[in-house]
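K.L.:
Return atomic coordinates for the entry below.
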Amino acid sequence: MNWTSWLLWGFVSTVVLGTIFTPSRDKAKFIGFFLHFVNGWIFSLIYVATFQVLQKSTWWLGAGIGLVHATFVLTMALPVLPALHPRMANEQYGPTVVRQLEPPGFLGLHYGIRTPISVLAAHAIFGAILGAFYTIK
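P.N.:
Residues are numbered from 1 along each chain as shown. Take a look at the predicted model:
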């Protein structure tokens, strides 16, 4: 594996594109940004591992992996978010004094049609950047 290329392009693809740990909205923005950033770098390892196994790294392969990743996020990760997030209401019980955040709903559509569109686009761009610039070792 080309660790230098992964560190650089995993970082760049993450940059281009909280409240679970704190009730403070100001702190939540920072913590959420930081955790998403670290997650992006960690997930880029999966993309890079795929490139290494296939011995091929192209923008379209990266974008394809990104679309698979986004589909997983929209169909599997978002639906379980209310069960994990201490301040998010769920579909069955609705909001409470503590759980005031709206749940994402199917494909994140409770947040609007732009949510699934932007998730798909952002993950495809993330993968395309990584695939285009990562060099196989």
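K.L.:
So which elements touch the longest helix along the chain?
P.N.:
As assigned by DSSP state H, the longest helix anywhere in the chain is helix 25-54. Helix 25-54 sits against helix 3-16, helix 59-72, helix 114-133, with contacts defined as 3 or more Cβ pairs under 8 Å, 6 or more residues apart in numbering; DSSP states H and E. For glycine as for every other residue, the C-beta is placed from the backbone atoms N, C-alpha and C.
K.L.:
Quick one: closest of those to residue 93.
P.N.:
helix 114-133 (22.1 Å; Cβ to Cβ).
K.L.:
got the buried residues for that closest one?
P.N.:
115-116, 119-132 (16 or more other Cβ atoms under 10 Å).
K.L.:
Just checking, which helix or strand of this structure averages the lowest pLDDT?
P.N.:
None of the helices or strands of the chain scores lower by mean pLDDT, DSSP states H and E than helix 3-16, at a mean of 62.
K.L.:
Can you pull out the low-pLDDT segments for the protein?
P.N.:
6-22, 25, 96-99 (pLDDT under 70).
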